[in-house]
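K.L.:
everything below, folded, please.
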Amino acid sequence: MTTQVQTPGDTGDDGATAGLPTFADFALDPEVRHLNHGSFGTVPRPVLARLAVLRAEMESNPDAWWRTLTERIAAARAEVAGFLRTAPDSLAFVPNASAGASTVLASLRFPRGARILMTDHTYGAVAMGVRRIAALHGAVVDTLHVPLDASAEHIRSLFAGKLASGAPVALVVVDQITSPTARLLPLPGIVAEAHAAGARVLVDGAHAPGLLADPLRHASGADYWTGNLHKWVCGPRGTAVLVARAAVAQELVPLVNSWGAPYPFPRSFDEQGTQDVTGWLAVPDSLAFFAGRGGWDAAREAMNRTVTAAQALLAEALHADLSGVRANEAPAMRLVPLSPVLATDPDRAAALQRRVAEELRCEVSITSWDGRGFLRLSAHVYNRPEEYAYLAERLPALLASAEREAG
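P.N.:
Numbering: from 1, shown residues only. The predicted model follows:
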């Protein structure tokens, strides 16, 4: 395959979609091809500048800073709530989606022998939290296998079957967009089945803000929902939200017991010790940045177009069969199956990911699920087709070498 390769900062003749941010708007290293936005995100330069201003203000007079902080947090919460199309008093800031899930799990009480239901696509850190809380209460963790090629109706029927069999299910923990497998799960049907069985639902929406136009509507009445703002929204690190239905919100207790504790949700989450919350105050600047640079609908369209083409290109280069991964594909994220002998467990996946980064100067995500390895592609507006062409030219040889070494 012969392709003219440009540097990551170039836009090429086709350029970026009119008005949308480009590579130059981010502080990313131009010597590296950044093809794994979904894991950690990146922050636009104007938002980094805003963070610097806020931190300088905080350090110049800490007493004055903390005197007015709760009011400023409330104002930022209101702006984020507007973006997510929910009421400001339904939403609290948390450091990340895993912290949001941990908060819900730590706030609930489970009868001994009750079941907590999750899937085998559940994010690893959240799954560990579920198992820890279940052990504390004597509850049982039930893990539902969901095939990659399952249709939306099949997934709903799998949940219905699990909910109807065995001990009562107290809580269903389900991803909106799965991290290891890049699936968009059919939440309306899942939530309906769970509520019909008397179970509450915690939705891990880590990837949903920015990728879905209305993620809370898609979650369709879930009791708890948590989503990251540092991923696709490109907010500062440590910015995420926890949203709860009014009927259950006041049961939620912050993980850190501090001066906000006497107040009702969500203000009880605003004061959790002397922590740096400049990211919470700056995340509205990320929302405004994209709104003023082409808008969110155009950004989502560009991301989907880029990653769809990238998946086809990499699948051709790796001779990969996509037929088993086409169902319920997530926006801006796609899977390309790897050889059956590669990335067969998380440790081997992590080692292969490091090798790609070191040898090809490409940051990618290699995931492992159900004993199979995948290249998980994720694209934001700054990604260009020529970056994926560069990877497609070089990755086959690296993987062939890794296969030989795997025996």
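K.L.:
may I see the buried residues of the helix or strand hosting Ala99?
P.N.:
Using DSSP states H and E, Ala99 sits in helix 97-107. Using 16 or more other CB atoms under 10 Å as the test for burial, helix 97-107 gives Ala97, Ser98, Ala99, Gly100, Ala101, Ser102, Thr103, Val104, Leu105, Ser107. Placement of C-beta: from N, CA and C, glycine included.
K.L.:
who does the helix or strand that comes right after it touch, helix- and strand-wise?
P.N.:
Remark: after helix 97-107, the chain's next helix or strand is strand 115-119, criterion DSSP H and E. Contact analysis of strand 115-119 by 3 or more CB pairs under 8 Å, 6 or more residues apart in numbering; DSSP states H and E lists helix 124-137, strand 140-144, helix 152-164, strand 169-175 as its packing neighbours.
K.L.:
got the angle between the helix holding Ala99 and helix 124-137?
P.N.:
Using axes from the mean of the first three to the mean of the last three CA atoms, to 10 degrees, the direction of helix 97-107 lies 10 degrees away from that of helix 124-137.
K.L.:
so what's the gap between helix 97-107 and the chain middle?
P.N.:
A distance of 15 Å separates the centroid of the chain from that of helix 97-107, by CA atoms, centre = their mean, to the nearest Å.
K.L.:
show residues contacting that helix.
P.N.:
Applying CB atoms under 8 Å, 6 or more residues apart in numbering, the external contacts of helix 97-107 come out as 94, 123, 125-126, 129-130, 133, 173, 202, 204-206, 224, 226-228, 240-242, 244, 251-255.
K.L.:
avg pLDDT for that helix?
P.N.:
In this model, helix 97-107 has a mean pLDDT of 97.
K.L.:
can you check stretch 397-405 too?
P.N.:
For stretch 397-405, mean pLDDT is 97.
K.L.:
number of nearby residues for Val94?
P.N.:
Val94: 26 surrounding residues under other CB atoms under 10 Å.
K.L.:
can you pull out the helices in the protein?
P.N.:
Secondary structure of the chain by DSSP state H: the helices cover 37-40, 45-60, 62-67, 69-84, 97-107, 124-137, 152-164, 187-196, 215-219, 246-249, 278-291, 296-318, 346-360, 385-406.
K.L.:
from the contact counts, what lies against the longest one?
P.N.:
Other elements packing on helix 296-318 under the criterion 3+ CB pairs under 8 Å, 6+ apart are strand 333-337, strand 372-378, helix 385-406.
K.L.:
and the shortest one, C-alpha only, in PDB?
P.N.:
These are the backbone C-alpha positions of strand 333-337, laid out as PDB (Å, rounded to 0.1, in the frame of the first residue of the first chain):
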ATOM      1  CA  MET A 333     -15.700   4.500  18.200                       C
ATOM      2  CA  ARG A 334     -15.200   1.300  16.200                       C
ATOM      3  CA  LEU A 335     -13.600  -2.100  16.600                       C
ATOM      4  CA  VAL A 336     -11.300  -3.900  14.300                       C
ATOM      5  CA  PRO A 337     -10.700  -7.600  15.300                       C
END
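K.L.:
quick one: strands adjacent to that strand?
P.N.:
Strand 333-337 pairs in its sheet with strand 372-378 (antiparallel), by DSSP bridges.
K.L.:
got the angle for the strand it pairs with vs helix 346-360?
P.N.:
Using the same axes, to 10 degrees, the inter-axis angle of strand 372-378 relative to helix 346-360 is 50 degrees.
K.L.:
which ones are touching Ser211?
P.N.:
One correction, residue 211 is Leu, not Ser. Ile177, Trp232, Arg300, Met303, Ala330, Pro331, Ala332, Met333.
K.L.:
just name the closest of the residues you listed to Val356, please.
P.N.:
Met333 (17.4 Å; CB to CB).
K.L.:
so for stretch 341-352, mean pLDDT?
P.N.:
In this model, stretch 341-352 has a mean pLDDT of 98.
K.L.:
what residues of that stretch count as buried?
P.N.:
Buried-residue list, stretch 341-352, by 16+ other CB under 10 Å: Leu342, Ala343, Thr344, Arg348, Ala349, Leu352.
K.L.:
please apply the same query to stretch 33-44.
P.N.:
Residues of stretch 33-44 classed as buried by neighbour count (16+ other CB under 10 Å): Arg33, His34, Leu35, Asn36, His37, Gly38, Gly41, Thr42, Val43, Pro44.
K.L.:
the last one contacts Asp25, correct?
P.N.:
Think Pro44. Yes: here Pro44 reaches Asp25: they are 5.3 Å apart, a contact under CB atoms under 8 Å.
K.L.:
now the contacts of helix 97-107: which count as buried?
P.N.:
94, 123, 125-126, 129-130, 133, 173, 202, 204-206, 224, 226-228, 240-242, 244, 252-254.
K.L.:
returning to that earlier point: tilt between the helix holding Ala99 and strand 115-119?
P.N.:
Using the same axes, to 10 degrees: helix 97-107 against strand 115-119 is 170 degrees.
K.L.:
about what we covered before: for the helices and strands packed on strand 115-119, which one sits closest to Leu375?
P.N.:
helix 124-137 (18.3 Å).
K.L.:
before we move on, back to that, how about the buried residues of helix 97-107 in TSV, adding distance to Asp270?
P.N.:
Shown next, in TSV, are those (distance: CB to CB, whole Å):
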residue	distance to Asp270
Ala97	19
Ser98	20
Ala99	15
Gly100	15
Ala101	20
Ser102	18
Thr103	14
Val104	18
Leu105	21
Ser107	17
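K.L.:
of those residues, closest to Gly407?
P.N.:
Distances from Gly407 to those, taken by CB to CB, are shortest for Ser98, at 35.8 Å.
K.L.:
now do the closest one against Pro186, distance only.
P.N.:
Going from Ser98 to Pro186 by CB to CB, to the nearest Å gives 23 Å.
K.L.:
ditto for Val174
P.N.:
Applying CB to CB to Val174 and Pro186 gives a distance of 10 Å.
K.L.:
where does the stretch 1-150 of the chain have low pLDDT?
P.N.:
The model of the stretch 1-150 of the chain has pLDDT under 70 over residues 1-18.
K.L.:
again, only this time at 50
P.N.:
Counting by pLDDT under 50, the ranges of the stretch 1-150 of the chain that qualify are 1-16.
K.L.:
who's in contact with the spatially most central residue of the chain?
P.N.:
Central residue of the chain (CA atoms, centre = their mean): His207, 2.6 Å from the mean position. Remark: with contacts taken as CB under 8 Å, 6+ apart, His207 is in contact with Gly38, Gln176, Ile177, Ser179, Gly227, Asn228, Lys231, Trp232, Ala330, Met333.
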